[in-house]
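K.L.:
have a look; sequence and predicted model below, questions after that.
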Amino acid sequence: MTRLLDRIPESIFRVLSAVVILTLFTIILFPLYFMVTTSFKFDKEIYSELTWIPRDPTLSNFRDVIVNFHIPLYLSNTLLVALSTTAIVVVISVLAAYALTRLRFPGRAVMARGVLFVYLIPGSLMLIPMYLIIVKAGLKDTFPGLIVANMSFSVPFCTWLMMGYLRTLSSEIEEASLIDGCTRMRSLWHIVIPLSIPAIVTASIFIFNNVWNEYIFALVLAQDDKHKMISIGLANFYRSDYYMVGPMMAGSLIAMTPVLILYVLAQRYVVGGLAAGAVKG
Amino acid sequence: MSQETLSRPALSLALPQKKKRSLFAGDTRLGWLLVTPALLVVLGMVGYPFVEAIRISFTDRMVGRGPGRWVGLANYEYILGWPGFTEMVVRTVLITVAAVAIKTLVGLILATSLNQEFRGRNILRGIFMLPWILPTYIIVLVWRWIFDGQTGLLNQILMSFGMISENVPFLARTGSAVSLLIFVMVWKGYPFYALTFLAGMQTISSELYDAAKVDGAGRLARFRHITLPGLQQVMGVVILLSTIWTMNSLEIPMLLTGGGPSNATEVFPLLTYHLAMQNFRLGEGAALPIMMLPVIGLLVLGVASYMDREATQ
């Protein structure tokens, strides 16, 4: 085996890699390709035959989800919750991360260590008490309830990410400003935050993305139609044995568009976040 | 923490001891002030629910029936005595281990293949990230339609190539349902592995490889003695984190198979959900994940120790 692998000339090795990449690439694009093409097909074509390109392209599925299935409402609900959560979490987490990495005070080390543990507490454990607390607080089927639930995992995550970034950031300029008589808060505002913009953008994208893509809290905490999240709206196209495949694919395409745009615009920051081991996989 | 060890000596050289202390003089009050909002969120929305989960696990609380009575360890005894318990644990472990192992393997292969110069590499890397950024629920719902036994795409494709003569209910057969669950977990997860491994590979100095080549080390020897040791840190963190997330993955089994056929894909987070939200037995639903905590705790400790090593390097 070893000998065999070593005897393969470089050129053949490159061909082999190309084959590997191409195969995996096809498997990645396969479901996405059919999601896109199916959203432009009529039901008859979807259920009765296999076509690689829509024979008779139609926008009827898109019209259906927009007019008949309240998808625009679910989208605006989700946008509201995702943006509010992101804004609140970023402010809270940047302050905490700054204190935990830059200031010296008793209790700091324990809290800095605790962030990772809190971040990794399994969601299945939190689901039941979180549900009961939200119900008891009268926040079921409300946006604040969803925001609060999403904050529970976003705050530790964002704090952890920001702490990682601040540790790589030299504190020399900041300490020079302190020696010159600048207060901590002023140097945070004028020096640390401007230098941290890349990390703040990365963190915001991940939080927004996580909330936008969230399913479980949305499922148990917002069951009335007025406050439904897009994830639940789409999952409802599958009812036991009856699938509404056309609307489901059209709705999925609409729901993933903001995520895709965000990703294309900010790919640089997303790749930066990779190094921090930022996202679940 | 590496920051401190780096900046401290320089600072103490530059400043007399007294001045340095005064730099951090107001830190205690300000520190607590800045941490308070985050601390409130964590205590209120993670700490309190965590304690509540433990308390509820000792009661017979059910949905909509008040606070329930104290029943001691009855929920734990019930779960341990439940005939399907061992099977469920074994199933969860097997599915997690299989998914993580395949993700690691495919991730390594893809990273190695991408770790060479060619045109369009950045675009490719961007597309390989798609499974990782797209909503899990959409991906799972699309795969569920593809594998569906009535109108699914896979059946249509196999049929059109004449490979089957009648529809196959892939998600309703034990063997294929478990394999397909693992498949979807891998599909969603391996690009993240590949791209982190690739980032790790690119930090390994090419001089090491050149030197090894001069010494006559073959391709496999170079991979084993240079690439793998260089990736050890990154791989350790990624594999441990991913094991935690894969083990706790509720969305994928819930939307793909719902635990069926006949419990073949009922993993521990899904059983928790079913106990609490379908059978309304909150006490048992709370007790189950608590029993899994030691395993998760060990994994988290592993992650923490890897990160400390990284910080001191």
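P.N.:
Arrived safely. Residues are numbered from 1 along each chain as shown, chains lettered A, B, ... in the order given.

K.L.:
residues touching the residue nearest to B:Phe268 when sequence neighbours are not counted, list them.
P.N.:
In space, and not counting its chain neighbours, B:Phe268 is closest to B:Thr92: 4.6 Å by C-beta to C-beta, 6 or more residues apart in numbering or on different chains. (Each C-beta comes from the backbone N, C-alpha and C, glycine too.) Contacts for B:Thr92 (C-beta atoms under 8 Å, 6 or more residues apart in numbering or on different chains) come out as B:Met247, B:Val267, B:Phe268.

K.L.:
mark which of the residues you listed are part of helices, please.
P.N.:
Using DSSP state H, the subset of the contacts of B:Thr92 located in helices is B:Met247, B:Phe268.

K.L.:
which parts of stretch A:155-173 are buried?
P.N.:
A:155-167, A:169, A:171 (16 or more other C-beta atoms under 10 Å in any protein chain shown).

K.L.:
I'd like the average pLDDT over it.
P.N.:
For stretch A:155-173, mean pLDDT is 86.

K.L.:
hmm, back to that, any chance of the contacts of B:Thr92 in TSV, with pLDDT too?
P.N.:
Below are these laid out as TSV (pLDDT from 0 to 100):
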residue	pLDDT
B:Met247	92
B:Val267	93
B:Phe268	91
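
K.L.:
is it true that A:Thr51 lies in a helix?
P.N.:
No. Counting by DSSP: H, G, I helix; E, B strand; the rest coil, A:Thr51 falls outside a helix, being coil.

K.L.:
pretty sure A:Cys158 sits against A:Ser93.
P.N.:
Yes. Counting by C-beta atoms under 8 Å, A:Ser93 is a contact partner of A:Cys158 at 3.7 Å.

K.L.:
give the residues shared as contacts by these two.
P.N.:
With C-beta under 8 Å, 6+ apart, A:Cys158 and A:Ser93 have common neighbours A:Ala203.

K.L.:
would you list every one of the strands in chain B?
P.N.:
In chain order, chain B shows no strands, with DSSP state E as the criterion.

K.L.:
by mean pLDDT, flag the weakest helix or strand of it.
P.N.:
Across the helices and strands of chain B, mean pLDDT, DSSP states H and E gives its lowest value to helix B:2-14, namely a mean of 39.

K.L.:
that older thread, neighbour-wise, which one of the contacts of B:Thr92 leads?
P.N.:
Within these, neighbour counts (other C-beta atoms under 10 Å in any protein chain shown) peak at B:Val267, which reaches 28 neighbours.

K.L.:
does that residue touch B:Ile95 like I think?
P.N.:
Yes. Look at B:Val267 against B:Ile95 with C-beta under 8 Å: they come within range, at 6.0 Å.

K.L.:
near chain B, which of the buried residues of stretch A:155-173 show up?
P.N.:
Filtering these for proximity to chain B (criterion: C-beta under 8 Å from any C-beta of the partner chain) leaves A:Val155, A:Pro156, A:Thr159, A:Leu166, A:Arg167, A:Leu169, A:Ser171.

K.L.:
pLDDT below threshold where in chain A?
P.N.:
Applying pLDDT under 70 to chain A picks out residues A:1-5, A:240-241, A:271-281.

K.L.:
quickly list the domain ranges of it.
P.N.:
A:2-58, A:63-275 (automatic domain parsing).

K.L.:
please work out which of these is packed deepest.
P.N.:
domain A:63-275 (a mean of 20; mean count of other C-beta atoms under 10 Å in any protein chain shown).

K.L.:
what about the helix or strand harbouring A:Ile128 and chain B, any contact?
P.N.:
Counting by DSSP states H and E, the element that carries A:Ile128 is helix A:123-136. Yes. Interface with chain B: helix A:123-136 contributes A:Gly123, A:Ser124, A:Leu125, A:Met126, A:Leu127, A:Ile128, A:Pro129, A:Met130, A:Tyr131, A:Leu132, A:Ile133 (C-beta under 8 Å from any C-beta).

K.L.:
ok, the second one - contacts?
P.N.:
Listed by C-beta under 8 Å, 6+ apart, the contact set of A:Ser124 reads B:Asn248, B:Leu250, B:Phe268, B:Pro269, B:Thr272, B:Tyr273, B:Pro289.

K.L.:
which one is the last one nearest to, not counting chain neighbours?
P.N.:
Okay, so that is B:Pro289. Nearest non-adjacent residue to B:Pro289 (C-beta to C-beta, 6+ apart): A:Leu125, at 3.9 Å.

K.L.:
the first one too?
P.N.:
Counting by C-beta to C-beta, 6+ apart, B:Asn248 lies nearest to A:Pro122, which is 4.4 Å off, once chain neighbours are set aside.

K.L.:
distance of the one you found from B:Ala53?
P.N.:
10 Å (C-beta to C-beta, to the nearest Å).

K.L.:
hey, what's in contact with both of these two?
P.N.:
Common neighbours of A:Pro122 and B:Ala53 (C-beta under 8 Å, 6+ apart) are B:Pro289.

K.L.:
okay, now B:Leu271: neighbour count?
P.N.:
The number of residues packed near B:Leu271 is 25, by other C-beta under 10 Å.

K.L.:
give the contact list for it.
P.N.:
B:Met88, B:Gly259, B:Leu288.

K.L.:
please repeat the previous calculation with a cut-off of 7 Å.
P.N.:
B:Leu271 makes contact with B:Met88, B:Leu288 under the criterion C-beta atoms under 7 Å, 6 or more residues apart in numbering or on different chains.

K.L.:
the residue lying closest to B:Ala98 once chain neighbours are set aside: neighbour count?
P.N.:
Spatial nearest neighbour of B:Ala98, chain neighbours left out: B:Ile182 (5.2 Å); criterion: C-beta to C-beta, 6+ apart. Counted with other C-beta under 10 Å, residues neighbouring B:Ile182 total 23.

K.L.:
with the one 10 residues further on instead?
P.N.:
B:Phe192 is flanked by 26 other residues according to other C-beta under 10 Å.

K.L.:
now swap in the one 3 residues further on and tell me
P.N.:
Close neighbours of B:Leu195, defined as other C-beta under 10 Å, add up to 23.

K.L.:
just B:Phe183 next, same as before
P.N.:
B:Phe183 is flanked by 17 other residues according to other C-beta under 10 Å.

K.L.:
got the phi/psi numbers for B:Arg119?
P.N.:
Main-chain torsions, B:Arg119, degrees, to the nearest 10: phi -70, psi 140.

K.L.:
how much space separates it from chain A?
P.N.:
Noted for B:Arg119: a distance of 12 Å to chain A, by C-beta to the nearest C-beta, to the nearest Å.

K.L.:
next up, the contacts around that residue.
P.N.:
No contacts exist for B:Arg119 under C-beta under 7 Å, 6+ apart.

K.L.:
let me know the pLDDT of it.
P.N.:
82.

K.L.:
before we move on, what about the one 5 residues further on?
P.N.:
B:Leu124 is assigned a pLDDT of 86 by the prediction.

K.L.:
list the contacts of it.
P.N.:
For B:Leu124, the contact set (C-beta under 7 Å, 6+ apart) comprises A:Ile21.

K.L.:
residue contacts, the nearest residue to B:Phe128 once chain neighbours are set aside?
P.N.:
The shortest distance from B:Phe128 to any non-neighbouring residue, by C-beta to C-beta, 6+ apart, is to B:Pro191 (4.7 Å). Residues near B:Pro191 by C-beta under 7 Å, 6+ apart: B:Phe128, B:Met129, B:Pro131, B:Trp132.

K.L.:
any chance of JSON lines for these, columns pLDDT?
P.N.:
Below are these laid out as JSON lines (pLDDT from 0 to 100):
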{"residue": "B:Phe128", "pLDDT": "89"}
{"residue": "B:Met129", "pLDDT": "87"}
{"residue": "B:Pro131", "pLDDT": "91"}
{"residue": "B:Trp132", "pLDDT": "87"}
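
K.L.:
which of those fall in helices?
P.N.:
Cross-referencing the contacts of B:Pro191 against helices under DSSP H gives B:Phe128, B:Pro131, B:Trp132.

K.L.:
how much space between the second one and chain A?
P.N.:
Right, the one you point to is B:Pro131. In terms of C-beta to the nearest C-beta, B:Pro131 sits 6 Å off from chain A.
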